[in-house]
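S.K.: Sequence first, predicted model second:
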Amino acid sequence: MNLTLPRWVAALLPARATVSQTERFRSGLGALLGILLTGLLSAALLKSPVAAAWLIAPMGASAVLLFGVPASPLAQPWSILGGNLVAALIGVTCAKLIHAPVPAAAVAIFFAVGAMFALHCVHPPSGAVALTAVLGGPEIHAAGYGFVLVPVALNSILLLVVAVIYNKAAGRRYPHTQQPDARRPHQTNDPAPMARLGFSAQDIEAVVKDYDQVLDVSADDLENLFRRTEMHAFRRRFGDTFCRDIMSKDIVSVEFGTELAEAWTLMREYSIEALPVLNRARHVIGIVTRSDFIYHADLPDYAGMRGRLRAFLRRTDHTHSDKHEVVGQIMSTQVRTAADSTPIAELVHLMSDAGFHRLPVIDAQSRLVGMVTQTDLVAALYETGLARIDGDHEARSRPDRSGRKSRQPHPH
């Protein structure tokens, strides 16, 4: 018994917190502001001296969810609004039909939980709303179905508005809506490259369905955590290789005012598909690709392509022109860059599922120092894979203490 008891105690203890002190303070401050503003605004709107008429206790539990765990499916706008309103409606109905308080409260909880599941708005504090409607006393009973609108709907809306504003200001994604599937580079029906070999969103949905319990995390958050876990495992197994280790350093670049013909000539001379556009401080302000030239030259088919492209590149001699003349007029300004200290594991998703063919690499001062392409990444992954295999083979062939080589089987 003495040996078993500590294990039981350890099993009951909470897991170690992984949230930073800053995030904890941010959550507490948000809950403080949410309840304070909800209470003050409700009191100002209702002009009632009775506290229970303008701020009900379940809002405290809702505040914990909206500000403490805003990513939770239980803390989303439809959860709080739908859950609180349907629970209040059921609670008032049960209080009117069942005069014994305890049975009325139990029945209200039963139907409130069922309704929240049916309407996909499970919100734990709504259970307290149903109980408040039944056990809240004469003032709430006198309000009847008016309790659903005031204070339940009023409190819920005000708290939700504060949560949206505060979480946005704190840099959180709220409302935490489901994210669309990763963009397929060629817009075909094929799954994204990483999903062809690894798990997919459909796999996660199937597992969650088989689990058959409510999870306090959304499906896209689960997928994101799994993807990041894969990258962490990759870095642990293969070591840290950074962008600066695999990037091309002799970069051909242009400026905003570089003429189109000059930029096109550089692309052809160096057989490259894109040119980073820099300012005088060597900061990346854009990127111009062969596709940009073809798009702006308006080349719908092969007929007359050479002549139209030549006319597009030709410099206009007079002052005013309706035609694009310099790189800055056709470049893409939304440029995705990578720091020179970025591990290559973080590039895999960008260059496979997200469809980036090349990424300008910048240093700590945001100056261009190189370029990483899909070819560079493939070569780096090949080399790290070979190094891993060689290391495993050497470990298996290394003599043990008895002088005999290890007889571990070689993996197929």
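M.R.: Looks like it came in fine.
S.K.: can you tell me the average pLDDT over the host helix or strand of Val9?
M.R.: Under the criterion of DSSP states H and E, Val9 resides in helix 5-12. Taken as a whole, helix 5-12 has a mean pLDDT of 68.
S.K.: again with stretch 40-59
M.R.: 78.
S.K.: ok, now stretch 252-260?
M.R.: 94.
S.K.: Kindly check the end-to-end length of that stretch for me.
M.R.: Chord length of stretch 252-260, first to last residue, is 15 Å (CA to CA, to the nearest Å).
S.K.: If we go by neighbour counts, what in it is buried?
M.R.: 253-254, 258, 260 (16 or more other CB atoms under 10 Å). Bear in mind the C-beta positions are built from the backbone N, C-alpha and C, glycine included.
S.K.: that older thread, continuing past the helix holding Val9, what's the next helix or strand?
M.R.: Next element after helix 5-12 (DSSP H and E): helix 21-46.
S.K.: could you dump stretch 141-151 to CSV, C-alpha only?
M.R.: Extracted in CSV, the C-alpha atoms of stretch 141-151 (Å, rounded to 0.1, in the frame of the first residue of the first chain):
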residue,chain,number,x,y,z
HIS,A,141,-38.3,34.3,-11.3
ALA,A,142,-40.3,37.6,-11.6
ALA,A,143,-38.4,38.5,-14.7
GLY,A,144,-39.5,35.3,-16.4
TYR,A,145,-38.3,34.9,-20.0
GLY,A,146,-37.0,38.5,-19.8
PHE,A,147,-34.1,36.9,-18.0
VAL,A,148,-33.0,35.4,-21.3
LEU,A,149,-32.5,38.9,-22.8
VAL,A,150,-31.5,40.8,-19.7
PRO,A,151,-29.1,40.1,-18.3
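S.K.: Distance from the chain centre to it, please.
M.R.: 39 Å (CA atoms, centre = their mean, to the nearest Å).
S.K.: Over to stretch 91-111?
M.R.: Using CA atoms, centre = their mean, the offset of stretch 91-111 from its chain centre is 41 Å.
S.K.: mind listing what's buried in it?
M.R.: Buried-residue list, stretch 91-111, by 16+ other CB under 10 Å: 91-95, 98, 104-105, 107-109, 111.
S.K.: Among the buried residues of stretch 252-260, which are located in helices?
M.R.: Leu260 (DSSP state H).
S.K.: Among the buried residues of stretch 252-260, which are located in strands?
M.R.: Val254 (DSSP state E).
S.K.: As CSV, the buried residues of stretch 252-260 with distance to Arg282 would be great.
M.R.: Formatted as CSV, the buried residues of stretch 252-260 follow (distance: CB to CB, whole Å):
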residue, distance to Arg282
Ser253, 8
Val254, 12
Thr258, 14
Leu260, 22
